[in-house]
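Asks: Generate a structure from the sequence data that follows.
(chains A and B)
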Amino acid sequence: MSNMPAELKFTKSHEWVNDNGDGTYTVGITDHAQEALGDLVFVELPEVGAKLAAEDGCAVVESVKAASDIYAPIAGEVTAVNDALDGAPETINSDPYGDGWIFKLSAGSGAADGLLDADAYQAVVDDEG
Amino acid sequence: MGSRTPLYDQHVALGGKMVPFGGWDMPLHYGSQLEEHHVVRRDAGMFDVSHMQPVDVTGQAAKPFLQYLLANDVNKLAEPGKALYSCMLNEHGGVVDDLICYYLAPGRYRPVVNAATADKDLAWMQDRAAGFDVTIRRRDDLAMIAVQGPNARTKAEPLLPEAVRRPAMSLRPFHAAEGDDWLVGRTGYTGEDGFEIILPVAEAESLWRGLLEAAVVPCGLGARDTLRLEAGMNLYGQDMDDATDPLSAGLGWTIAWQPLERNFMGRRALQAKREAPDLPRFVGLLLTGRGVLRPHQRVLLDDEPVGETTSGGFSPTLERSIALARVSPDAARADELSVDIRGKAVPARIVRPPFVRNGQAKIET
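Replies: Have a look, this model is predicted:
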């Protein structure tokens, strides 16, 4: 069973977002997503300073199986990327909601409010069978 | 729902992630494909390959029939117990399938063909058999387990039936021992030492459980694919198919041109292709830039497309990305190429497969 922390927001495309409360938002992929992808072997990070619209393809994770796009869950400017993933992409497998974060965005307060909560995301995962 | 091998329940009980493959429900991995890959390079892993199809070709004309059917020459199999890798070609020189053919006894051979192509292959073989005194029999009563890795043979030894144990342990590579309806071949698809064991369906589960107890790690299709790619071995349907000739797939070494009078299926078409100046080259690629190579990416030379990758992925042993690719003769001579990965030209170098054999890197990274 996948783990879905209640404090996070989620997207149908399997990203999670944490509102850090300081105008920044941390983004990663869900436990369900990492499990479906299998062992990750490469991450292409966005550039710091990139201005993203919601649903822009902005990063790529590649597993032993396939490449998968990461989409910006909300509009904003990239303020930080997790360079540690460069030599250790498997961190996303082992700690998807912690050390496996991918990038941070700056955006206005409440920017993530319209995204899915854990229950709604659980329903999306259940629908996929 | 796909077909299930006799070991299906075992896979599910071991937490195998089951996926459709060639009409079968097979385990992709049991948790970590990377760990399964490494265990085969370093110790011993096992694969349920019961989806593959053994076919018994028997009769007075079994040998001349196979000499006609296969591009490699079973006449090379001087004594029973030898095995041969070959392509089976159509009249245009395209590859109907690739297979390993075991020579069991005079007038008795056992080709083992791919799962997804088994029905096509059987029909093809039956059609070609007209006029030959042979019987072609699909052996659905047999299962197949591959045990691979530096410690694979030692771990498997106590589990082999008495009748086949001693001869199996003294096999040279590409030889097989038969006894009690088991066929133990020192063959594989990983670039490591090991056995491929063909045995009665009723005994498959007990061998599998015995291997588990001997700490042989179950491995899925995912690791099987990265292991064979590192070993520079082709995958049917990806690196070659009905429309691809073996010369363009790096399999020229498997064609027995001599003796000239052996008129095997596809020979005439292949002869013409062999002399064509623009015959594509099949090469290995090592990605020197960042990213992961995948099948069907365009290969570029000075920004011009010159071919495509046929297999590609991440090499867990080399910790780099590698591929097999079909490119123009000019491109095959270039020092530096690039590969179009999602619209970006990423630099790559041509290398000569295998990439890895017996746990060791065979190319410079």
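Asks: and the closest residue to A:Ser63 other than its chain neighbours, how many neighbours does it have?
Replies: Ranked by CB to CB, 6 or more residues apart in numbering or on different chains and with sequence neighbours excluded, the top spatial neighbour of A:Ser63 is A:Leu37, at 4.0 Å. Glycine gets a C-beta too; all of them are placed from N, C-alpha and C. Other residues near A:Leu37 number 20, with proximity taken as other CB atoms under 10 Å in any protein chain shown.
Asks: now the one 5 residues further on
Replies: Summarising burial for A:Phe42: neighbours were counted as other CB under 10 Å, giving 18.
Asks: Let me see the confidence value for the residue in the stretch 151-300 of chain B positioned nearest to chain A.
Replies: Closest approach between the stretch 151-300 of chain B and chain A, counting by CB to the nearest CB: B:Val292, at 4.3 Å. Here, the pLDDT recorded for B:Val292 equals 97.
Asks: Kindly report the same for B:Ile145.
Replies: In the prediction, the pLDDT value recorded for B:Ile145 is 98.
Asks: ok, it touching B:Ser50?
Replies: Yes - because the distance of 7.4 Å satisfies CB atoms under 8 Å, B:Ile145 is recorded as touching B:Ser50.
Asks: Neighbour count: these two, which is higher?
Replies: Each of B:Ile145 and B:Ser50 has its neighbours counted (other CB under 10 Å); B:Ser50 has more, 26 against 23.
Asks: wait, isn't the more buried one in contact with B:Glu203?
Replies: No - taking CB under 8 Å as the definition, B:Ser50 is not a contact partner of B:Glu203, at 11.8 Å.
Asks: what touches both of the two?
Replies: Jointly contacting B:Ser50 and B:Glu203 under the rule CB atoms under 8 Å, 6 or more residues apart in numbering or on different chains are B:Ala143.
Asks: Strands of chain A, residue ranges please.
Replies: When secondary structure is read from DSSP state E, chain A shows strands at A:9-10, A:15-19, A:24-29, A:40-44, A:51-52, A:57-63, A:67-71, A:76-81, A:103-106.
Asks: Who are the packing partners of the last one?
Replies: Using 3 or more CB pairs under 8 Å, 6 or more residues apart in numbering or on different chains; DSSP states H and E as the contact criterion, the elements in contact with strand A:103-106 are strand A:24-29, strand A:76-81.
Asks: so what strands line up beside it?
Replies: strand A:24-29 (antiparallel), strand A:76-81 (antiparallel) (DSSP bridges).
Asks: Including mean pLDDT, could the strands of chain A go into a markdown table?
Replies: Listed next are the strands of chain A as a markdown table, based on pLDDT from 0 to 100:
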| stretch | mean pLDDT |
| --- | --- |
| strand A:9-10 | 98 |
| strand A:15-19 | 97 |
| strand A:24-29 | 98 |
| strand A:40-44 | 96 |
| strand A:51-52 | 97 |
| strand A:57-63 | 96 |
| strand A:67-71 | 96 |
| strand A:76-81 | 98 |
| strand A:103-106 | 98 |
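Asks: can you list the residues of chain A near chain B?
Replies: When proximity is defined as CB under 8 Å from any CB of the partner chain, chain A approaches chain B at A:Gly38, A:Asp39, A:Val41, A:Phe42, A:Glu44, A:Val60, A:Glu62, A:Val64, A:Lys65, A:Ala66, A:Ala67, A:Glu90.
Asks: Which among those count as buried?
Replies: Using 16 or more other CB atoms under 10 Å in any protein chain shown as the burial test, the residues of chain A next to chain B include A:Gly38, A:Asp39, A:Val41, A:Phe42, A:Glu44, A:Val60, A:Glu62, A:Val64, A:Lys65, A:Ala67, A:Glu90 as buried.
Asks: got these as JSON lines, with distance to B:Ala130 columns?
Replies: Below are those laid out as JSON lines (distance: CB to CB, whole Å):
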{"residue": "A:Gly38", "distance to B:Ala130": "47"}
{"residue": "A:Asp39", "distance to B:Ala130": "49"}
{"residue": "A:Val41", "distance to B:Ala130": "50"}
{"residue": "A:Phe42", "distance to B:Ala130": "52"}
{"residue": "A:Glu44", "distance to B:Ala130": "56"}
{"residue": "A:Val60", "distance to B:Ala130": "53"}
{"residue": "A:Glu62", "distance to B:Ala130": "50"}
{"residue": "A:Val64", "distance to B:Ala130": "45"}
{"residue": "A:Lys65", "distance to B:Ala130": "43"}
{"residue": "A:Ala67", "distance to B:Ala130": "48"}
{"residue": "A:Glu90", "distance to B:Ala130": "56"}
